[in-house]
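Q: model this:
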Amino acid sequence: MLTARALRWMAVRPVWAERNKENMMGSYIVTGAASGIGAAVVARLQADGEKVIGLDRQDADIIADLSTVSGRQGAVEQCLNACPEGLDGLVCCAGVGGTHPLTSLIPEVNFFGSTALLEGLADSLASRRGSAVFVSSNSAPHPSDEQYMQALIDGNRELLAERLPELSGHQAYSGSKQAIARWMRHQAPDYARKGVRLNAVAPGYTRTAMTAETENHPDYAAAIKEFLESIPLGRAGEANDIANAIGFLLSREAAFVCGSLLYVDGGHDAMFRPDVI
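A: Residues are numbered from 1 along each chain as shown. A predicted model of the protein is given here:
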């Protein structure tokens, strides 16, 4: 027969176990970790006492090129080796801007560099009921080539090869960011059933090394200045603004947030599309 003391222990043990779990260090992979938003996410998670493995082309714990199939496969393998205990979170910040001279790299990094990592790390995330956050953009809702975006979402390489040469760098960029948000929404229910939450952030203009290239470009500088002056909160975003939003989506406080796209843009999307909910 169980004693009264044993019964009391059984009653409190689930609560104790949950609290103990909350105090355990989590394991996170952050791509694009060497600079910008990725570096800010790394700093934010480390400040919270988490184990963070940064992935980038250089100056990171894992060196990998997410623009190629072999590079992505190698990245997944290195991530699994670095976190044999399983993953609590994946943050996909690696990206290529619309001014990059090689337009073909934009969808490879911005879209496939995120989706391939999630697919390769899905079981590791599920083992710890983890979550993944993608980085879209508040430019994603702008009109883009529907066939290009559908080719990305469907993984249709033939159609992608047909449509990409017809697009400017900025069209390829905004389309890749809309595609990753849509892909996340499509995948979120299935991943949720496995215990993995998928969400995304849509940053507005955020001062990073990547956006500095556009801000200082002679063809875009005047337009960027006017754009910045139109932000309702009166300033550009900083990497920490986005990192804080990502930190929330990864946290236990967001345990019921799944399949959401969070705009972190100083009110720009609300200004441009007030009737879209």
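Q: CA only for contacts and neighbour counts going forward, please
A: Noted.
Q: where exactly do the strands run in the stretch 51-200 of the chain?
A: 51-56, 62-63, 89-92, 131-135, 197-203 (DSSP state E, counting those that start in this stretch).
Q: who does the longest one touch, helix- and strand-wise?
A: Put plainly, it is strand 197-203. Packed against strand 197-203 by the contact rule (3 or more CA pairs under 8 Å, 6 or more residues apart in numbering; DSSP states H and E) you find strand 131-135, helix 169-193, helix 239-250, strand 261-264.
Q: which outside residues touch the following helix or strand past the last one?
A: Read that as strand 261-264. Using DSSP states H and E, the helix or strand that follows strand 261-264 in sequence is helix 268-272. Helix 268-272 has contacts (CA atoms under 8 Å, 6 or more residues apart in numbering) with 138, 204, 230-232, 263.
Q: which of those are buried?
A: The neighbour count (16 or more other CA atoms under 10 Å) marks 138, 204, 230-231, 263 as buried among those.
Q: which one of those sits closest to Lys51?
A: Taking CA to CA as the measure, Lys51 lies nearest Tyr263 of these, at 26.8 Å.
Q: the closest one and Ala140 touch, don't they?
A: No: under the criterion of CA atoms under 8 Å, Tyr263 is not in contact with Ala140, lying 10.7 Å apart.
Q: could I get the strands of the stretch 51-200 of the chain in TSV, plus columns for distance to Ala34?
A: Below are the strands of the stretch 51-200 of the chain laid out as TSV (distance: least, CA to CA, whole Å):
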stretch	distance to Ala34
strand 51-56	6
strand 62-63	10
strand 89-92	12
strand 131-135	16
strand 197-203	18
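Q: as JSON lines, these with distance to Gly36 and mean neighbour count would be great.
A: Listed next are the strands of the stretch 51-200 of the chain as JSON lines, based on distance: least, CA to CA, whole Å; neighbours: other CA atoms under 10 Å:
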{"stretch": "strand 51-56", "distance to Gly36": "12", "mean neighbour count": "22"}
{"stretch": "strand 62-63", "distance to Gly36": "17", "mean neighbour count": "19"}
{"stretch": "strand 89-92", "distance to Gly36": "12", "mean neighbour count": "27"}
{"stretch": "strand 131-135", "distance to Gly36": "12", "mean neighbour count": "27"}
{"stretch": "strand 197-203", "distance to Gly36": "12", "mean neighbour count": "26"}
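Q: which parts of stretch 264-277 are buried?
A: 264-269.
Q: any stretches of the stretch 51-200 of the chain with poor pLDDT?
A: Counting by pLDDT under 70, the stretch 51-200 of the chain has no low-confidence residues at all.
Q: just the helices from the protein, written as ranges.
A: Taking DSSP state H, the helices of the chain run over residues 4-23, 36-47, 69-82, 105-107, 113-127, 146-154, 157-163, 169-193, 209-215, 221-229, 239-250, 268-272.
Q: what's the most buried one of those?
A: Ranked by mean neighbour count under mean count of other CA atoms under 10 Å, these are led by helix 105-107, which reaches a mean of 25.
Q: you'd agree Leu45 is up against Gly247?
A: Yes: using CA under 8 Å, Leu45 makes contact with Gly247 at a distance of 7.2 Å.
Q: so what's Val41 up against?
A: Contacts for Val41 (CA under 8 Å, 6+ apart) come out as 30, 33, 240, 243-244, 246-247.
Q: per-residue confidence at Met10?
A: Met10 carries a pLDDT value of 41.
Q: any idea how far Ile153 is from Ala255?
A: Relative to Ile153, Ala255 is positioned 26 Å away (CA to CA, to the nearest Å).
Q: nothing else from me, thank you.
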